[in-house]
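# Attaching a predicted model along with its sequence, questions to come.
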Amino acid sequence: MIRVRQSAERGHFDHGWLDTFHTFSFSGYYDPNHQGFRALRVINEDRVAPGRGFDTHGHRDMEIVTYVLDGTLAHRDSLGSSGELRPGELQRMTAGTGITHSEFNPSQVDPVHLYQIWLFPERRGLEPSYEQKAFPAGDRLNQLRLVASPDGRDGSLVIRQDARLFLAALTEGSEASHALGAGRHAWLQVLRGRVKLNGTSLAAGDGASATDESALSLRALEPSEVLLFDLN
């Protein structure tokens, strides 16, 4: 069964410096019918104005994955990690027993467009950690490239949850597929472009859950980028 969460139905706030869409209930947005999916708790699409960002704040007991579509995001945290995240790079932060960090747009000219995703961890009280990796465009072209997994296989980020994340950049007319194991579920988030998922049309900002499906078939209707979650 494919269930679509349309982009226009998401929670939306424009704070001037931050234009943000919430797929699931988050902060001032509450929707009892969209509280998350399986281990997925947050999917936020953010656009941050030049020179602005999120001041130092804390998190606990959450796996946080960030992906930049356009621009640059600077990161600094209480573990001593710091750096800049650019398109084609993913960041994973295990908040665990507690971590503080800040994120801001270092450009004085260009906005930064990003997705931030939260997943519940395998258990509470994990040791906080941080990881960032680049995934070359060629590895994601017209195929689902594993970018996060519990065991870090194939050079993916290590995420402390029974979840596997795949990223694909699809040219118009291209196809990709993914087999779901017994009892597994999936969420597809369209980052840009337009695709069909098992025959269901999705556009940029749309998400879709897949339950009781043994296989997922993707076809790009135009140049597209998608993020797929394979979940317990």
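Perfect, thanks for sending it. Numbering: from 1, shown residues only.
# neighbours around residue 103, how many?
The local packing of residue 103 (other Cβ atoms under 10 Å) involves 22 other residues. From N, CA and C alone the C-beta is placed, and that goes for glycine too.
# How is it assigned, secondary-structure-wise?
strand (DSSP: H, G, I helix; E, B strand; the rest coil).
# out of everything not next to it in sequence, what's closest to it?
Nearest residue to residue 103 in three dimensions, chain neighbours excluded: residue 54, at 4.7 Å (Cβ to Cβ, 6 or more residues apart in numbering).
# Please list all residues in contact with the one you found.
Residue 54 makes contact with 102, 103, 104, according to Cβ atoms under 8 Å, 6 or more residues apart in numbering.
# Distance-wise, check the closest residue to the last one other than its chain neighbours relative to residue 89.
It stands for residue 104. In space, and not counting its chain neighbours, residue 104 is closest to residue 53: 2.5 Å by Cβ to Cβ, 6+ apart. Distance, residue 53 to residue 89, using Cβ to Cβ, to the nearest Å: 17 Å.
# And for residue 47?
Distance from residue 47 to residue 89, counting by Cβ to Cβ: 18 Å.
# Ok, residue 156 next?
From residue 156 to residue 89 the distance is 13 Å (Cβ to Cβ).
# Identify the contacts common to those two.
residue 133.
# more neighbours, the two?
Between residue 156 and residue 89, counting by other Cβ under 10 Å, residue 156 is the more crowded of the two (23 against 18).
# so how far is residue 113 from the more buried one?
23 Å.
# Please apply the same query to residue 21.
Distance, residue 21 to residue 113, by Cβ to Cβ: 11 Å.
# Which neighbours do those two have in common?
Counting by Cβ under 8 Å, 6+ apart, the common neighbours of residue 21 and residue 113 are 45, 46.
# pLDDT of stretch 74-81, averaged?
If you average the pLDDT over stretch 74-81, you get 93.
# ok so, going back, quick check, the residue nearest to residue 104 in contact with residue 105.
Yes. Using Cβ atoms under 8 Å, residue 53 makes contact with residue 105 at a distance of 5.5 Å.
# Residue 208 contacts residue 4, correct?
Yes. Proximity of residue 208 to residue 4 meets the contact threshold set by Cβ under 8 Å, at 4.9 Å.
# Quickly list the domain ranges of this structure.
10-134, 137-231 (automatic domain parsing).
# what number of residues lie near the closest residue to residue 221 other than its chain neighbours?
Spatially, and ignoring its direct neighbours in sequence, residue 221 is nearest to residue 194 (4.1 Å; Cβ to Cβ, 6+ apart). Look at residue 194: counted by other Cβ under 10 Å, it has 18 neighbours.
# Quick check: phi and psi on residue 194?
Phi and psi for residue 194, reported as degrees, to the nearest 10, are phi -140, psi 140.
# Could you do residue 137 as well?
phi -60, psi -40.
# number of nearby residues for it?
Residue 137: 11 surrounding residues under other Cβ under 10 Å.
# thinking it is in contact with residue 169, fair?
Yes. If you go by Cβ under 8 Å, residue 137 and residue 169 touch, sitting 6.3 Å apart.
# In this structure residue 216 contacts residue 181, no?
No. Counting by Cβ under 8 Å, residue 181 is not a contact partner of residue 216; they are 12.0 Å apart.
# With that, I have no additional questions.
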